[in-house]
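*Asks:* coordinates only, sequence not included:
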């Protein structure tokens, strides 16, 4: 099972559309997958599910259980302030430490309206995942200029589409 994590809680996000795109590719290759969308986070999870309240928010516990039982992940990460969304970092902080991520494997996908495709955010996230003991696939897909390169639920740039297909194959074999 590969869990595709939408790294923002923004409703109707482009990140979710990209996650759907990845799900279609995985399913067309008969690879079992699921999407975990941070839009489903409880609105008060930073106070009701973290630190002294760990384990007390059932909705958050269900999301954490899905992370705990998955072995491989694709993280779709939009660029927020030249990094990744703070809500995504808070979500990571609420996972079971170190069991949710240690010795597991992931692929990273960066999105931005700019030309970098969230390269710096993926670098920051790689550092966090390395610290937590997660194995990060070296091939990171960056989708820059989202308005140009992603339309109607599809990647419009053939080279980026090729990179996505190669990344999926590499993650399956990883």
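*Replies:* Arrived safely. Because the structure is a prediction, the values reported are computed rather than measured. Numbers count the residues shown, from 1 in each chain.

*Asks:* the most centrally placed residue in the chain pairs with what?
*Replies:* Within the chain, one residue has its C-alpha closest to the average C-alpha position: by CA atoms, centre = their mean, that is residue 75, at 1.8 Å. On the basis of DSSP bridges, residue 75 is bridged to residue 5, residue 108.

*Asks:* from residue 138, how far off is it?
*Replies:* Separation of residue 75 from residue 138 (CB to CB, to the nearest Å): 15 Å. Glycine gets a C-beta too; all of them are placed from N, C-alpha and C.

*Asks:* swap in residue 104?
*Replies:* 16 Å.

*Asks:* which of those two has more neighbours?
*Replies:* Remark: of residue 104 and residue 138, residue 104 carries more neighbours, 19 against 11, as counted by other CB atoms under 10 Å.

*Asks:* quick one, what contacts that one?
*Replies:* 70, 71, 72, 73, 134, 135 (CB atoms under 8 Å, 6 or more residues apart in numbering).

*Asks:* could the residues you listed go into CSV alongside secondary structure?
*Replies:* Putting these into CSV (DSSP: H, G, I helix; E, B strand; the rest coil) gives the following:
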residue, secondary structure
70, coil
71, coil
72, strand
73, strand
134, coil
135, strand
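
*Asks:* tell me where this protein has strands.
*Replies:* 2-6, 33-37, 72-78, 105-111, 135-136, 141-143, 150-151, 154-155 (DSSP state E).

*Asks:* redo those strands as a markdown table? Include distance to residue 56 and mean pLDDT.
*Replies:* As requested, the strands of the chain are exported to a markdown table (distance: least, CB to CB, whole Å; pLDDT from 0 to 100):
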| stretch | distance to residue 56 | mean pLDDT |
| --- | --- | --- |
| strand 2-6 | 23 | 98 |
| strand 33-37 | 20 | 98 |
| strand 72-78 | 25 | 98 |
| strand 105-111 | 28 | 98 |
| strand 135-136 | 31 | 98 |
| strand 141-143 | 37 | 98 |
| strand 150-151 | 38 | 96 |
| strand 154-155 | 40 | 96 |
